[in-house]
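Colleague: Provided below for reference: sequence and predicted model.
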Amino acid sequence: MNFKIHKTDQNTSARTGEVTTDHGTFETPIFMPVATSAAIKGVHNKDLIENVSPKVILSNTYHLYLRPGQKIINKAGGIHKFMSWNNNILTDSGGYQVYSLSANRKINPDGVKFKSHIDGSYHFFTPENVMDIQRNIGADIIMAFDECPPYPCEKNYARKSMDLTHEWLKRCINRFNATKPIYDHNQYLLPIVQGSVYSDLRKQSAEIIAGHDLPANAIGGLSVGEPHELMYEMCEDVCKILPIAKPRYLMGVGTPINIIENIALGVDMFDCVMPTRNARNGMLFTRNGTINIKNKKWEDDNSEIDPCGTTFVDKLYTKSYLRHLFTINEYLGKEIATIHNLGFYSWLIEECKIAINEGRFLDWKNKMVKQLDNKL
């Protein structure tokens, strides 16, 4: 896994670069659409590639482990062949999903026992078997197994959680190094910084994580309910410690404003369900602010969905028509909105890169944050 930095902004820590794996090169900053169960809901790969052109997508170990199961993916030849995807894939470890199952899981030093949300059956995740599962799935970039503490939580709990994450990381590394890729491409293991919203814990975790000298470093446990300013504070603390020469991945973030603010702090990689989930609920992101297409004000608005949009749906369909589709619960409406939102996120990231490369990122960011905060 090779990382090259192309340009660093003089007024912020924003930078552009590129990462190369066996499935190709992708430029950074990058937003990775979320294909939780090996599919981006309601969008055909062809439309995704032609309108969004993501070089990396994210799938979820927990969900793929439960359905269809690692044996089926293995028999298909790995996740790339299973879902007909030729670019990079990242799988998270399932740690966040275990966190979200707080009422149906028990954590101990060995791992996590949890109950399936599908059929109530019990399963046990350990650092070792999570590495094995991700080997079987076959993603290019795989995540260490961690514990994501809730917000808010007591500092003592956050410290114990962080220590457990560090111990699990050692076991992940040992298992990863003791095994080999199953398919015809290399895999890269990434560690995760934890520590909740406590600055001293975050800094300690970042130092320990960086000390393992893995190909890139991730920041977890944010965007779990804390105020945005606190997220930025923690991210800034961590980015000052994580090595400049390696990509930084902020997990599960976030809104368009969150993304460009964290790019300014030195983050290179992002993922979030927000553009797709919000699209299915009728919220559209645009460069001038957000639109709730379900509102009556759009009922007879025959203007294009987004005259400045970059996807074929933006100029092909009107706001009135899209609102109609949501009103009658026609799934085509959700598909159109999803393509639009992912296209917008792709456009936003490209504009970030251009602004950084041209040395005007800070002015661009400050102007864009004000526009994006509008409710249309």
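Modeller: Here it is on my side, so go on.

Colleague: would you map the helices across the stretch 201-350 of the chain?
Modeller: 228-239, 256-264, 274-280, 312-316, 319-327, 331-357 (DSSP state H, counting those that start in this stretch).

Colleague: separation between the closest residue in space to Arg171 that isn't next to it in sequence and Glu167?
Modeller: Leaving aside its sequence neighbours, Arg171 sits nearest to Pro127 (Cβ to Cβ, 6 or more residues apart in numbering; 3.8 Å). C-betas here are computed from N, CA, C, even on glycine. As for Pro127, its distance to Glu167 is 8 Å (criterion: Cβ to Cβ, to the nearest Å).

Colleague: more crowded one of these two?
Modeller: Ranked by neighbour count (other Cβ atoms under 10 Å), Pro127 and Glu167 place Pro127 first, with 23 against 12.

Colleague: could you give the number of residues near the nearest residue to Val224 once chain neighbours are set aside?
Modeller: Closest residue in space to Val224, ignoring its immediate chain neighbours: Tyr151 at 4.7 Å, by Cβ to Cβ, 6+ apart. Tyr151 has 17 neighbouring residues, counting by other Cβ under 10 Å.

Colleague: hmm, back to that, out of the helices of the stretch 201-350 of the chain, which one sits most buried?
Modeller: helix 256-264 (a mean of 24; mean count of other Cβ atoms under 10 Å).

Colleague: which strands or helices does that one pack on?
Modeller: The contact analysis (3 or more Cβ pairs under 8 Å, 6 or more residues apart in numbering; DSSP states H and E) places helix 256-264 against helix 228-239, helix 331-357, helix 361-372.

Colleague: contacts for that helix, please.
Modeller: With contact meaning Cβ atoms under 8 Å, 6 or more residues apart in numbering, helix 256-264 is reached by 9, 12-14, 29, 31, 223, 228, 231-232, 235, 250, 253-254, 270, 285, 344-345, 348-349, 352, 361-362, 365, 368-369, 372-373.

Colleague: packing partners for the lowest-mean-pLDDT helix or strand in the chain?
Modeller: For the chain, counting by mean pLDDT, DSSP states H and E, helix 95-100 ranks last in confidence among helices and strands (a mean of 75). Judged by 3+ Cβ pairs under 8 Å, 6+ apart, helix 95-100 is in contact with helix 61-66.

Colleague: show me what the helix it packs on is packed against.
Modeller: strand 88-92, helix 95-100, strand 122-125, helix 127-137.

Colleague: swap the cut-off to 7 Å and go again
Modeller: helix 127-137 (3 or more Cβ pairs under 7 Å, 6 or more residues apart in numbering; DSSP states H and E).

Colleague: just how off-centre is the helix it packs on within its chain?
Modeller: How far helix 127-137 lies from its chain's middle: 20 Å, per Cα atoms, centre = their mean, to the nearest Å.

Colleague: between that helix and strand 88-92, how big is the angle?
Modeller: 150 degrees (axes from the mean of the first three to the mean of the last three Cα atoms, to 10 degrees).

Colleague: what's helix 127-137 packed up against?
Modeller: By 3+ Cβ pairs under 7 Å, 6+ apart, helix 127-137 packs against helix 61-66, helix 70-76, helix 155-178.

Colleague: after the second one, heading C-terminal, what element do we hit next?
Modeller: By that I understand helix 70-76. helix 79-82 (DSSP states H and E).

Colleague: list the buried ones in that next one?
Modeller: 79-80, 82 (16 or more other Cβ atoms under 10 Å).

Colleague: before we move on, what about stretch 26-46?
Modeller: Those would be 26-38, 40-43, for stretch 26-46 by 16+ other Cβ under 10 Å.

Colleague: what's the mean pLDDT across it?
Modeller: Averaged across stretch 26-46, the pLDDT comes to 96.

Colleague: what's the most buried one of the helices and strands packed on helix 127-137?
Modeller: Buried most deeply of those, by mean count of other Cβ under 10 Å, is helix 61-66, with a mean of 23.

Colleague: what are the C-alpha coordinates of that one, in CSV please?
Modeller: Extracted C-alpha coordinates of helix 61-66, given in CSV (Å, rounded to 0.1, in the frame of the first residue of the first chain):
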residue,chain,number,x,y,z
THR,A,61,-17.9,-7.5,8.3
TYR,A,62,-20.7,-8.1,10.8
HIS,A,63,-23.5,-8.0,8.2
LEU,A,64,-21.6,-10.1,5.6
TYR,A,65,-20.7,-12.6,8.3
LEU,A,66,-24.3,-13.1,9.1
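
Colleague: before we move on, back to that, the helices and strands packed on helix 256-264 into TSV, with extra columns for distance to Asp22 and mean pLDDT?
Modeller: Listed next are the helices and strands packed on helix 256-264 as TSV, based on distance: least, Cβ to Cβ, whole Å; pLDDT from 0 to 100:
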stretch	distance to Asp22	mean pLDDT
helix 228-239	28	98
helix 331-357	23	98
helix 361-372	31	98
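
Colleague: out of those, nearest to Arg105?
Modeller: The closest of those to Arg105 is helix 228-239. By Cβ to Cβ, the value is 24.8 Å.

Colleague: which strands or helices does that closest one pack on?
Modeller: The elements that helix 228-239 packs onto, with contact taken as 3+ Cβ pairs under 7 Å, 6+ apart, are helix 199-211, helix 256-264.

Colleague: do you know how far the residue lying closest to Leu332 once chain neighbours are set aside is from Thr36?
Modeller: What sits nearest to Leu332 in space, not counting adjacent residues and going by Cβ to Cβ, 6+ apart, is Leu325, at 5.5 Å. Distance, Leu325 to Thr36, by Cβ to Cβ: 23 Å.

Colleague: before we move on, what about Gly120?
Modeller: Relative to Thr36, and taking Cβ to Cβ, Gly120 is found at 20 Å.

Colleague: grab the most central residue of the chain for me.
Modeller: Asp271 (1.6 Å; Cα atoms, centre = their mean).

Colleague: lovely, talk soon.
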